[in-house]
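K.L.:
mind looking at a prediction? Sequence and model below.
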Amino acid sequence: MEFDENRFKVIDHPLVQHKLSILRDKNTVTKDFRQLVTELAMLEGYEAMRDFPLEDCVVETPLETATFKRVAGKKVAIIPILRAGLGMVDGILALVPSARVGHVGMYRDPETHEPVQYYCKFPPSIEDRTCLIVDPMLATGGSLIAAIKYLRDAGAKDVRALTIVSSPEGVKAVLDYDPNVRLYTCALDRELNDAAYILPGLGDAGDRIYGTL
Ligand SMILES: O=P(O)(O)OC[C@H]1O[C@H](OP(=O)(O)OP(=O)(O)O)[C@H](O)[C@@H]1O
Ligand SMILES: O=c1cc[nH]c(=O)[nH]1
Ligand SMILES: [Mg+2]
């Protein structure tokens, strides 16, 4: 499947691919899994904020006063999809410590694979913020589409989604659902299995982050 490269980007940096291979390994323990999710989120966030506009700023160095650049008043909201998305929040906050954090609580019904919502809270002025939805796994796309819908209904204009592993079906569903969303992922995997798990994937991200297997 081919996707619009203006709206969909696979982060193919060597460090990302290296860390992701360790993350996928079934022998990677919870502590290391959590740390790797944080690191991948940071590397991915760096790429997802590459187009933030800059403005001039005057700085007094110890030697002279000169004009430099700073990010031009971008307000960021990080929106993790609970639970697994929470694992990506600290990595993005390390880059943008002033970001606000909203939450969308959802789990997939094991029979229908449809998302079931149990919580939703966004920070104020969501329409003025760059909203970064974070969730390590994009499988059918149902959960991410629901999160995008809640954000759009709340007035969000600049919506970007960061996942770690995605299925082709999920990417297509999300890009078809919202013509303006931008999607970043560390890997585009092969397919979904009958239980709607990503192959080769990494298993259940929430269970692996929290040790609830
Ligand atoms: O694209 P989809 O088919 O909707 O699947 C992806 C969703 O499934 C996982 O969450 P899960 O339901 O396992 O909840 P959890 O994070 O609490 O484990 C994952 O973290 C996504 O939110
Ligand atoms: O492969 C998958 C699919 C959905 N959720 C996960 O955590 N992993
Ligand atoms: Mg889960």
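P.N.:
Okay, I see it. Ligands and ions are numbered 1, 2, ... in the order given.

K.L.:
so is the top helix by length along the chain next to ligand 2?
P.N.:
In the chain, ranked by residue count with DSSP state H as the criterion, the top helix is helix 30-48. No: counting by C-beta under 6 Å from any ligand atom, no contacts exist between helix 30-48 and ligand 2, the nearest distance being 11.5 Å. Backbone N, C-alpha and C define where each C-beta goes, glycine included.

K.L.:
in its sheet, what does the following helix or strand past that helix sit against?
P.N.:
Along the chain past helix 30-48, the next helix or strand (assigned with DSSP states H and E) turns out to be strand 54-60. The partner list of strand 54-60 in its sheet, established with DSSP bridges, is strand 65-71 (antiparallel).

K.L.:
quick check: mean pLDDT of the strand it pairs with?
P.N.:
Averaged across strand 65-71, the pLDDT comes to 97.

K.L.:
let me know the next secondary structure element after that strand.
P.N.:
Once strand 65-71 ends, the next helix or strand along the chain (criterion: DSSP H and E) is strand 75-82.

K.L.:
what angle do that next one and helix 30-48 make?
P.N.:
Computed with axes from the mean of the first three to the mean of the last three C-alpha atoms, to 10 degrees, the direction of strand 75-82 lies at 140 degrees from that of helix 30-48.

K.L.:
so is strand 75-82 next to ligand 1?
P.N.:
Yes: applying C-beta under 6 Å from any ligand atom, one finds strand 75-82 in contact with ligand 1 at 81-82.

K.L.:
backbone dihedrals for residue 120, please?
P.N.:
Dihedral angles phi and psi of residue 120 (degrees, to the nearest 10) take the values phi -160, psi 120.

K.L.:
and the contacts of stretch 62-78?
P.N.:
If you take C-beta atoms under 8 Å, 6 or more residues apart in numbering as the criterion, stretch 62-78 is touched by 49, 52-59, 89, 92-93, 96, 98-102, 122-123, 125-126, 128-132, 134, 156.

K.L.:
again, only this time at 7 Å
P.N.:
Outside stretch 62-78, the residues within contact range by C-beta atoms under 7 Å, 6 or more residues apart in numbering are 52-59, 89, 92-93, 96, 99-102, 122-123, 125-126, 128-132, 134.

K.L.:
contact partners for residue 26?
P.N.:
Taking C-beta under 7 Å, 6+ apart as the test, what residue 26 contacts is residue 203.

K.L.:
tell me how far it lies from residue 17.
P.N.:
18 Å (C-beta to C-beta, to the nearest Å).

K.L.:
host element of the residue in the chain positioned nearest to ligand 1?
P.N.:
Closest residue of the chain to ligand 1, C-beta to the nearest ligand atom: residue 206 (2.3 Å). Secondary-structure element containing residue 206, defined by DSSP H and E: helix 205-210.

K.L.:
is that helix in proximity to ligand 2?
P.N.:
Yes: contact check for helix 205-210 against ligand 2, using C-beta under 6 Å from any ligand atom: residues in range are 205-206.

K.L.:
I'd like to know which of the contacts of stretch 62-78 are buried.
P.N.:
For the contacts of stretch 62-78, burial is judged from neighbour counts taken by 16 or more other C-beta atoms under 10 Å, and it is met by 89, 92-93, 96, 99-102, 122-123, 126, 129-132, 134.
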